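Q: give me coordinates for this.
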Amino acid sequence: MGLFNFLKGEFLEVVHWEDSSQDTMVYKFPMTDKQQIKEGAQLIVRPSQVAIFVYEGQIADVYEPGKYELHTATMPIFTSLSNWKFKFENHFKTDVYFVNMKQFTNQKWGTVNPIMMRDADFGILRLRGFGVYSFRVSDAVTFLKEVFGSNKFFTVDQINEHLKSLIVSSVSDVIAEAKIPAMDLATQYDEIGQLAMARITDRFEIYGLMISDFAVENLSLPESVEKAIDKRTEMGALGDLNQYMKFQTAEAIRDAAQNEGGGFASMGAGMGAGAGIGKVMADAMASPNQAQTQPQAQPHMETVACGKCGAQNRKGAKFCSECGFSFIKKCISCGHEIDPNAKFCMECGASQVVESKCPKCGESIDADAKFCPHCGQSTKA
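A: Next up, the predicted model:
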């Protein structure tokens, strides 16, 4: 009976893992040096699990959720590695790892050191943030190779610090590249979270992991910056600061006038307060009217003299405002409007100088000339 129990303990007939924890990512099936898995044993892989067989340091067969009978037909890779088909044994020795594929939710992240950011309104700022994320194993084989290796037991805590570092680094880059003003950060948590999640996904894939959810709960500014934002908000709510200061002054003078006291000092304070209030109210009421009635400086306007009556007219006017003389000159050849002083038309190129003959010497002279430039004869005679 004792020998039977010994042999029964040496050859394992059922291989499985019942996960009772909330944070175990990898569990190595326990076997002593003398224990071996019996050929034809039952393998049970529960939902959200993956079983990986490792033989002499090499990954052999991988099993998804289900129930399996272990023999040469269902273990092709292991059989090839161990040359099992050439042996006449009814048991084998291998390591079995169960990888938990479920979601690990409500994982906390936060900045250990403040994130430095440059803001257009406040300059260089120190920013702190925190939030939550969820992740799971997406590739069990990659996770085995890159992370837990040959550990018998692996939990979320053993990798969480590294994941947090990746997250904070990604969030810092996103905030720096997004260039969101400090006053608008609180309204952009969702957008920052989506951008950060896309960047974190690429970094998690290297380890066979996948981030399934990411949220920014808070991005906090230094206390001094928060006070400055509060002050700016108050200024916006007050509106016209000039009118507000006048109102505050009137309130202060009224309080001084109502201060309890006696004798001439109280009377003088009351008279001074009354005069002060009158002046403040007068200034407050008169300022808008004065601003409206104050004459505005007229801009300088260029003028030209009319060629007929000599009156000054706005430069660019087409007719004289005094005599109605037309300032518009047309080409004597094509009729196109030209500058009054132009000597040639810009459309047809015709000369605008009208020539005539001197009555004495017969030389060509301008039609507007009063004397001949050749002989001095008057053209108006």
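Q: which SSE is the spatially closest residue to L144 that is not a sequence neighbour in?
A: Spatial nearest neighbour of L144, excluding adjacent residues (C-beta to C-beta, 6 or more residues apart in numbering): I52 at 6.0 Å. Every residue, glycine included, has its C-beta placed from N, CA and C. Element membership for I52 (DSSP states H and E) is strand 49-55.
Q: direction included, what does that strand pair against?
A: strand 58-63 (antiparallel), strand 95-100 (antiparallel) (DSSP bridges).
Q: just name the most buried of the ones you listed.
A: Most buried of those by mean neighbour count (mean count of other C-beta atoms under 10 Å) is strand 95-100; its value is a mean of 23.
Q: neighbouring contacts of it?
A: Strand 95-100 is contacted from outside by 15, 17, 19, 24-29, 31, 37, 45, 48-55, 137, 140, 143-144, 150, using C-beta atoms under 8 Å, 6 or more residues apart in numbering.
Q: ok, 7 Å please
A: 15, 17, 19, 24-29, 48-54, 137, 140, 143-144 (C-beta atoms under 7 Å, 6 or more residues apart in numbering).
Q: neighbours of T74, how many?
A: For T74, the neighbour count with other C-beta atoms under 10 Å is 14.
Q: wasn't it part of a strand?
A: No - T74 is assigned coil when assessed by DSSP: H, G, I helix; E, B strand; the rest coil, not a strand.
Q: which helix or strand contains the closest residue to it other than its chain neighbours?
A: Once flanking residues are discounted, T74 sits nearest to Y68: 5.6 Å by C-beta to C-beta, 6+ apart. In this structure, Y68 sits in strand 66-69 according to DSSP H and E.
Q: can you check W109 too?
A: W109 is part of strand 104-110, with elements assigned from DSSP H and E.
Q: paired strands for that strand, with orientation please.
A: Strand pairing (DSSP bridges) places strand 104-110 next to strand 123-137 (antiparallel).
Q: run the chain-centre distance for the partner strand.
A: Averaging C-alpha positions (C-alpha atoms, centre = their mean, to the nearest Å) puts strand 123-137 15 Å from its chain's average.
Q: which strands and helices sit next to the following helix or strand past it?
A: Following strand 123-137 in sequence order, the next helix or strand is helix 140-143 (DSSP H and E). Judged by 3 or more C-beta pairs under 7 Å, 6 or more residues apart in numbering; DSSP states H and E, the packing partners of helix 140-143 are strand 49-55, strand 58-63.
Q: ok so, going back, please pick the buried ones from the contacts of strand 95-100.
A: The neighbour count (16 or more other C-beta atoms under 10 Å) marks 15, 17, 24-29, 49-54, 137, 140, 143-144 as buried among the contacts of strand 95-100.
Q: in the stretch 201-350 of the chain, where is pLDDT below threshold?
A: 229-230, 232-244, 246-248, 259-300, 340-341 (pLDDT under 70).
Q: in a strand, K227, correct?
A: No - assigned with three-state DSSP, K227 falls outside any strand and is helix.
Q: number of residues surrounding it?
A: Using other C-beta under 10 Å, K227 has 11 neighbouring residues.
Q: now S326
A: 12.
Q: quick one: it and F319 touch, right?
A: Yes - using C-beta atoms under 7 Å, S326 is in contact with F319, at 5.7 Å.
Q: quick one, helices of the chain?
A: All helices of the chain, identified by DSSP state H, fall at 2-10, 76-82, 140-143, 157-178, 189-205, 223-238, 241-257, 263-293.
Q: residues making contact with the strand holding W109?
A: 23, 129-136, 156, 160, 164, 167-168.
Q: now with 10 Å, please.
A: The contact list for strand 104-110 (C-beta atoms under 10 Å, 6 or more residues apart in numbering) reads 22-25, 128-137, 155-156, 159-160, 163-168, 171, 196, 200, 209, 211-218.
Q: what's the PyMOL line that selects buried ones from those?
A: This is the PyMOL syntax for the buried subset of those, where burial follows 16+ other C-beta under 10 Å:
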select buried, resi 24+25+129+131+133+135+136+137+155+156+159+160+163+164+166+167+168+171+196+200+209+211+212+214+216
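Q: ok, Q158 - contacts?
A: D23, M25, V26, V147, F148, N151.
Q: same question for V147.
A: Per C-beta under 10 Å, 6+ apart, neighbours of V147: M25, V26, V137, F154, Q158, I159, H162, I206, Y207, G208, L209.
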